[in-house]
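S.K.: Build the 3D model from these lines:
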Amino acid sequence: MPLVNDPDLIKAQYRNGDKLDIRIRLHQKYSLNKEPFGEWIHAHYHLAPGMRVLELGCGTGSMWHEPARWLPQGAELILSDFSEGMLEQAQRNVPPLPGITFRQVDIRQIPFEDDTFDVVIANMMLYHVPDLHGALAEVARVLKPEGRFFCATVGERGIARWLAEVLGCEEADRYPFSLQNGGDALGRHFDSVQKHIREDGLRVTDPEDLTDYVLSMASFSGLRQQPREQLTAQLVAQAVDGVIAIPKEYGLFEASQPLG
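M.R.: Modelled structure (predicted):
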């Protein structure tokens, strides 16, 4: 099993939002694409009044820090996560708005009836799910026939691959659900699958920020036994004129017409 979806590591990593916040800050600080990732994702949803929306793996709720901008009047949004600690932080981070509720949910057993939601969202989390096809079958089940499923993910030629090569950590760049293989997985559960690519990259000027990022990732957990200064030195060695250039490969799948 790849480290990225080892259940014990994932449970520890997402006990609360501290490690996730470290990774979000790195991208906010050093990304070449200055359009916020959340803005880019929300532009694809096209939510309408009266829709029922379920987000799985909402994390700290950072994507919904301005819910009044993105949730139409009369729409219902359920923000869910398998981690109680994450949900507690999401409830603090998301401003209260009529129609928004919070619920602890495991994507492998979604506690809602068939054909319940117009939109289901699962961003940057499907590669953590041990039973991917069981989870996708659950998403297809709770979607209405005309519903849409959005799931952002990473590519296999992005930051994880770059770090794995630099740090000699072969297991760390294996993603069971990526931009390369995610379409095939979704195609077993949805008749229509589209892929949207986001152009971006990282230019890191403070290697300590990058060290924090590495140590926050479950897939690089084996490196936590190394002295921090040794890890930082490996990253500094990649700098040119004080800048560490790192590729990013991010995108968003949009799946519809669930197969029953």
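S.K.: Local confidence estimate at residue 171?
M.R.: Residue-level confidence at residue 171 comes out at 62, pLDDT.
S.K.: Kindly report the same for residue 60.
M.R.: Among the per-residue scores, residue 60 shows a pLDDT of 92.
S.K.: host element of it?
M.R.: In the assignment (DSSP states H and E), residue 60 maps to no helix and no strand.
S.K.: repeat for residue 244
M.R.: Secondary structure assigned from DSSP H and E places residue 244 in strand 244-247.
S.K.: On the C-terminal side of that strand, identify the next helix or strand.
M.R.: Remark: after strand 244-247, the chain's next helix or strand is strand 250-258, criterion DSSP H and E.
S.K.: need the helices for the stretch 101-250 of the chain, in chain order.
M.R.: Using DSSP state H, counting those that start in this stretch, the helices found in the stretch 101-250 of the chain span residues 132-142, 159-167, 182-187, 207-215, 228-236.
S.K.: Quick check: which of these is nearest to residue 19?
M.R.: Proximity to residue 19 (CB to CB) singles out helix 207-215 among these, at 8.4 Å. For glycine as for every other residue, the C-beta is placed from the backbone atoms N, C-alpha and C.
S.K.: re earlier: show me what the strand holding residue 244 is packed against.
M.R.: For strand 244-247, the packing partners by 3 or more CB pairs under 8 Å, 6 or more residues apart in numbering; DSSP states H and E come out as helix 159-167, strand 201-204.
S.K.: can you rerun that using 10 Å?
M.R.: With contacts defined as 3 or more CB pairs under 10 Å, 6 or more residues apart in numbering; DSSP states H and E, strand 244-247 has these neighbours: helix 18-30, helix 159-167, strand 201-204, helix 207-215, helix 228-236.
S.K.: If we go by neighbour counts, what in the fourth one is buried?
M.R.: Of the residues in helix 207-215, those buried under the neighbour-count criterion (16 or more other CB atoms under 10 Å) are 207, 209, 210, 211, 212, 213, 214, 215.
S.K.: wouldn't residue 109 be in contact with residue 138 here?
M.R.: Yes - here residue 109 reaches residue 138: they are 6.9 Å apart, a contact under CB atoms under 10 Å.
S.K.: quick one, which of the two is more surrounded?
M.R.: Each of residue 109 and residue 138 had its neighbours counted (other CB atoms under 10 Å), and the higher figure belongs to residue 138 (22 against 9).
S.K.: any chance of the helices and strands packed on strand 244-247 in a markdown table, plus mean pLDDT and distance to residue 130?
M.R.: Putting those into a markdown table (pLDDT from 0 to 100; distance: least, CB to CB, whole Å) gives the following:
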| stretch | mean pLDDT | distance to residue 130 |
| --- | --- | --- |
| helix 18-30 | 92 | 19 |
| helix 159-167 | 92 | 18 |
| strand 201-204 | 98 | 29 |
| helix 207-215 | 95 | 23 |
| helix 228-236 | 95 | 28 |
